[in-house]
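Trainee: Sequence first, then the predicted structure, then my questions.
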Amino acid sequence: MEKRIYNFSAGPAVLPEEVLKEAQENLFALPGVGMSILEISHRSKTFDKIINEAKEDLRKLLDINDNYELLFLQGGASLQFSMVPLNLMKNNKADYIITGSWSKKALKEAKRVGTINIAASTEEEKFKRIPKQDELKLDPSADYVHFTSNNTIYGTQWHTEPGVGNVPLVCDASSDILHRKIDVNKYALIYAGAQKNMGPAGVTFVVIRKDMLERSSDSLHTMLNYKIHVENASLYNTPTTFGIYIIGLIAKWLLKNGGLENMYKVNFDKANLLYNCIDESGGFFKGHAAKDSRSLMNVTFNLTTEELEKKLIAEASAAGFDGLKGHRSVGGLRASIYNAFPPKGVEDLVSFMKDFQQKNG
Ligand SMILES: Cc1ncc(COP(=O)(O)O)c(C=O)c1O
């Protein structure tokens, strides 16, 4: 079998080896079915079972009650930037909290639909931090408040949801969904592109509170209407059958390994190991995010010069650590250590970084 290297990519990202092996083993023919998941009809009993089990397992993992519907859609999280305002704006006004490039992209689409109040933005501080509750200028009559729970590019993360009173809370959780248990009851809608913590690219997971569906107007284009997708149980058109199958396997992998409580512990320890290495380097490595806003999923940092950064990335890449180059808008380095990233990979990266510092510091 081909040797695997450490994949620090921000997404599509590393998936659990057990899941890849199971998918590989069963790709030729699903046990007892005699056909590949790539070949079966989305209207078949086999696929019904796959999609329903995936939903049930996700409900278990996140304690999602019957007040919510679960959807698997297409068009990426980026299409949700449009679907959220098109469906949820009743009085054509919403609050957006801007904590990075993805929030800005969500804002751009929302502005096409209604009047947007920017409740807070940390752009002037290069998105180094998450705004504090008392900085939020929320409009109590807004149709909803939108925020991005984890800022993939800047490496910042909300550690608790913004308090928004009775206004429906909408979250882009693309890069930290399932990394810990959250109280779904605080949200009206959560969406996430699957390709970081949930599965392969091509599927978008949406959790929507049932009362929100009343807002979806019949005049909306069919494929943009949450109500239609709910009425058709995500099967209005041909869904990403393979992606949903892999999400199902990942949900089972999480359940088998102690659920999200255990996942959070593992994630916390992995991130701490890396942040400690940065903090104890005497300034050789410097974290981008403010300490109280640090992400457990994307660790962003710089070295003292760009030359050193390039050198580290090149040497790391040669040593089997792939995908450490920071996003072009921030520069520096970024280690994405999502759920499936192995703790041993973080330990090995830390040893590599210490060794690099010794030789170049
Ligand atoms: C937080 C966040 N939101 C949205 C997106 C866009 O997702 P997609 O490529 O699925 O449209 C990304 C992609 O990296 C992301 O990290």
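Mentor: Okay, I see it.
Trainee: All the strands of the stretch 51-200 of the chain, in order from the start?
Mentor: 68-73, 93-98, 115-121, 145-148, 150-151, 156-157, 169-172, 189-193 (DSSP state E, counting those that start in this stretch).
Trainee: ok, His288 - how many residues close by?
Mentor: Using other Cβ atoms under 10 Å, His288 has 26 neighbouring residues. (C-beta placed from N, C-alpha, C; glycine too.)
Trainee: what about stretch 86-94, distance to the chain center?
Mentor: 24 Å (Cα atoms, centre = their mean, to the nearest Å).
Trainee: Can you give the contact residues for that stretch?
Mentor: Residues outside stretch 86-94 that contact it (Cβ atoms under 8 Å, 6 or more residues apart in numbering) are 85, 110, 113-117, 139, 141-146, 168, 170, 188-189, 212, 215-217, 220, 224-227.
Trainee: let's see 7 Å
Mentor: Residues from elsewhere that reach stretch 86-94 (Cβ atoms under 7 Å, 6 or more residues apart in numbering): 85, 110, 113-117, 139, 142-144, 146, 170, 212, 215-216, 220, 224-226.
Trainee: do the same with stretch 132-152
Mentor: 10, 84, 88-91, 93-97, 99-100, 102-103, 106, 117, 119-120, 127, 157-158, 162-165, 167-173, 175-176, 188, 295, 297-298.
Trainee: Can you give me the buried ones in that stretch?
Mentor: Residues of stretch 132-152 classed as buried: 136, 138, 142-152 (neighbour count, 16 or more other Cβ atoms under 10 Å).
Trainee: Nearest to the ligand, out of the strands of the stretch 51-200 of the chain?
Mentor: Between the ligand and the strands of the stretch 51-200 of the chain, the shortest separation by Cβ to the nearest ligand atom is 2.8 Å, and it involves strand 189-193.
Trainee: Pairing partners for the closest one, with directions?
Mentor: Paired neighbours of strand 189-193 in the sheet (DSSP bridges): strand 169-172 (parallel), strand 204-209 (antiparallel).
Trainee: Say whether the ligand is contacted by that strand.
Mentor: Yes. Using Cβ under 6 Å from any ligand atom, we find that strand 189-193 touches the ligand at Gly193.
Trainee: thinking again about what came up before, export the buried residues of stretch 132-152 to a markdown table and append columns for distance to the ligand and pLDDT.
Mentor: Formatted as a markdown table, the buried residues of stretch 132-152 follow (distance: Cβ to the nearest ligand atom, whole Å; pLDDT from 0 to 100):
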| residue | distance to the ligand | pLDDT |
| --- | --- | --- |
| Leu136 | 19 | 98 |
| Leu138 | 21 | 98 |
| Ala142 | 21 | 98 |
| Asp143 | 21 | 98 |
| Tyr144 | 17 | 99 |
| Val145 | 16 | 99 |
| His146 | 11 | 99 |
| Phe147 | 11 | 99 |
| Thr148 | 5 | 99 |
| Ser149 | 8 | 98 |
| Asn150 | 6 | 98 |
| Asn151 | 7 | 98 |
| Thr152 | 3 | 98 |
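Trainee: Tell me how many other residues surround Asp183.
Mentor: Neighbours of Asp183 under the rule other Cβ under 10 Å: 10.
Trainee: contacting residues for it?
Mentor: Here Asp183 is in contact with no residue (Cβ under 7 Å, 6+ apart).
Trainee: how far away is it from Met297?
Mentor: 19 Å (Cβ to Cβ, to the nearest Å).
Trainee: Which residue ranges of the chain form helices?
Mentor: 17-27, 45-62, 76-88, 101-110, 226-231, 241-256, 259-279, 306-318, 343-360 (DSSP state H).
Trainee: With the ligand as the reference, name the closest of those helices.
Mentor: For those, proximity to the ligand was assessed by Cβ to the nearest ligand atom; helix 76-88 is nearest, at 2.6 Å.
Trainee: Send me the closest one as CSV with only the CA atoms.
Mentor: What follows is helix 76-88, C-alpha atoms only, in CSV (Å, rounded to 0.1, in the frame of the first residue of the first chain):
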residue,chain,number,x,y,z
GLY,A,76,-20.5,24.2,-1.0
ALA,A,77,-20.7,26.5,2.0
SER,A,78,-20.5,29.3,-0.6
LEU,A,79,-24.0,28.6,-1.8
GLN,A,80,-25.2,28.9,1.7
PHE,A,81,-23.9,32.5,1.7
SER,A,82,-26.8,33.1,-0.7
MET,A,83,-29.4,30.6,0.5
VAL,A,84,-29.4,31.9,4.1
PRO,A,85,-30.4,35.4,3.2
LEU,A,86,-32.7,34.3,0.4
ASN,A,87,-34.7,32.1,2.7
LEU,A,88,-34.4,33.7,6.1
